[in-house]
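Participant: Okay, predicted coordinates and the sequence, questions at the end:
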Protein chains: 2
Amino acid sequence: MTSTRSTRDGAVDQGVPGSIPSKAADRGIPEATVARLPVYLRALVTLTDQGIATCSSENLATAAGVNSAKLRKDLSYLGSYGTRGVGYDVEYLRYQIAREIGVTQDWPVVIVGIGNLGHALANYAGFSSRGFRVVALLDSDPARVGKELAGLQISGSAALEDLVREHDVAIGVIATPAAAAQEVCDRLVASGVTSILNFAPAVLSVPDGVDVRKVDLSIELQILAYHEQRKALAFGSAARLGDTG
Amino acid sequence: MTSTRSTRDGAVDQGVPGSIPSKAADRGIPEATVARLPVYLRALVTLTDQGIATCSSENLATAAGVNSAKLRKDLSYLGSYGTRGVGYDVEYLRYQIAREIGVTQDWPVVIVGIGNLGHALANYAGFSSRGFRVVALLDSDPARVGKELAGLQISGSAALEDLVREHDVAIGVIATPAAAAQEVCDRLVASGVTSILNFAPAVLSVPDGVDVRKVDLSIELQILAYHEQRKALAFGSAARLGDTG
DNA sequence: CCCTGTGAATATTTTCACAGCA
DNA sequence: TGCTGTGAAAATATTCACAGGG
């Protein structure tokens, strides 16, 4: 470990120069809560679509798939946006959460690697509707460069640095094969990207201050397989199968 | 909450009939550890590919992107597979983890919803190489039914129940639009599926004993956006922007 | 009353630090 | 000696349970 200390949320505590460490300015929301805010946001949008204007913590918790104590605790980190005895105004809470997450503004995003998955990501509608705008698609395969996809022309990878700077991109999506991921990551970071969503099955190493989140299909399946195996052992021939220990 | 109690790992504690609750039989591995085992497994495969036969916890931790204390603690739940003063035998440890996860056997999987994403999932190579075999592709769109993809013919959704039973499928992948997800989920569960990987942006409700994992692009992006916003506030015009508090 | 917001109690996860074995 | 395996401590996260405002 170096002398820079990681905070709870995996970001970096660099003792920000002119900042006052007052409780209000440094409203440190727990990472577990941050990860659930988008879920609440989506649930609130669903409620709005159903014409529901007010909801209790119980209603919203059900819609979000959590229990109401957790929901209330999570919301308490943002402030007091409910009314005791009544509940929450759906629109108002939705706006407050969107603002807290930072999706009241639009984030430009680049996608690198337009194979099967990159293709699907580029066409994903939820992107644009939720505060993100795909501004560039990049691929190193000359056969793909120049093709149009989701209203954009696929650029060659040489254009990466220029495109990131031109559009002031802070968030990059990597959907390349594992072997290319680290190099792409390095180039994105060098160009100014400070958040990366990685779909490549590789561990990325990045400097402090850069956030990486990883989405990995086969890891998710393996986690399910573990639980399946336990269920099978529990119900089937008890503790016998394959246990050579 | 009903009277069945959830265990730490989100599965169900049904007081398994004939099982002995001895420490060895009920090797309850913490969920956080279970989620990392596939990462270690992949790192070990990478080390093998590089011709490395032995590694220290430090080596493996670096390859997996965690710290060595965490790695050793995690591995300690599986047993003592290392050698003090030496390290771990890569092949041996790889096999032990694969067995613990349950990927020494092959799991049949169905994918429901063959749009952009389902298409990409069906073609995903990592599937077959990691203990999973796609045995059926299903879609409700007649225009897609009958088309061939990744060596399989797409079936109409009416065939769901038969296919699940025929192949004894325990794991289902949902890649339909949100509106269809719950119905598909219900049908999968009714046919015998007990683990679901959900790519649809919807909260699924399932009976006790069924595990659901969710993968959601826009949630991941929003989590990154939150941290981006914090970084921007920290470095930019300090704590002023949009903070009307 | 009803339902939010929150301290306090529990549970889980991570990290430390070192005993103990090859 | 060097590195694993693990109790104990610290940090996080979840749940309980109830004070308090509308």
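Facilitator: Nice, I can see it.
Participant: which strand of chain A spans the most residues?
Facilitator: strand A:132-139 (DSSP state E).
Participant: Pop the domain breakdown of chain A in here.
Facilitator: Residue ranges for the domains of chain A, per automatic domain parsing: A:31-101, A:107-214, A:219-245.
Participant: Throw those into JSON lines and include distance to DNA strand C, thanks.
Facilitator: Just so you know, the C-beta spots here come from the backbone N, C-alpha and C atoms, and that holds for glycine as well. As requested, the domains of chain A are exported to JSON lines (distance: least, Cβ to the nearest atom of the strand, whole Å):
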{"stretch": "domain A:31-101", "distance to DNA strand C": "3"}
{"stretch": "domain A:107-214", "distance to DNA strand C": "14"}
{"stretch": "domain A:219-245", "distance to DNA strand C": "12"}
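Participant: just so I know, which of these lies nearest DNA strand D?
Facilitator: Closest approach to DNA strand D among those (Cβ to the nearest atom of the strand): domain A:31-101, 3.0 Å.
Participant: how about that closest one, does it get close to chain B?
Facilitator: Yes - counting by Cβ under 8 Å from any Cβ of the partner chain, contacts between domain A:31-101 and chain B involve A:34-35, A:37-39, A:41-43, A:63-65, A:79, A:99-101.
Participant: for that domain, the distance to its chain's centre please.
Facilitator: Mean C-alpha position of domain A:31-101 versus that of the full chain (Cα atoms, centre = their mean, to the nearest Å) differs by 18 Å.
Participant: Let's test this: mean pLDDT of the helix or strand A:Gln153 falls within, rounded?
Facilitator: For A:Gln153, the element it lies in under DSSP states H and E is strand A:152-156. For strand A:152-156, mean pLDDT rounds to 98.
Participant: gap between the closest residue to A:Trp107 other than its chain neighbours and B:Asp216?
Facilitator: Nearest residue to A:Trp107, sequence neighbours excluded (Cβ to Cβ, 6 or more residues apart in numbering or on different chains): A:Phe132, at 5.1 Å. Distance of A:Phe132 to B:Asp216, computed by Cβ to Cβ, to the nearest Å: 13 Å.
Participant: Of the two, which one has the most company?
Facilitator: Between A:Phe132 and B:Asp216, counted using other Cβ atoms under 10 Å in any protein chain shown, A:Phe132 has the larger neighbour count: 23 against 18.
Participant: my guess is A:Arg213 meets A:Val206, correct?
Facilitator: No - using Cβ atoms under 8 Å, A:Arg213 is not in contact with A:Val206, being 11.4 Å away.
Participant: Next, count neighbours for the closest residue to A:Asn67 other than its chain neighbours.
Facilitator: Using Cβ to Cβ, 6+ apart and skipping residues adjacent in sequence, the residue nearest A:Asn67 is A:Ala61, 5.8 Å away. By the measure other Cβ under 10 Å, the count of residues near A:Ala61 is 20.
Participant: wait, doesn't A:Ala61 sit right on A:Leu75?
Facilitator: No - contact criterion Cβ under 8 Å: A:Ala61 and A:Leu75 do not qualify, at 10.2 Å.
Participant: if we can go back for a sec, got the angle between the strand holding A:Gln153 and strand A:132-139?
Facilitator: 40 degrees (axes from the mean of the first three to the mean of the last three Cα atoms, to 10 degrees).
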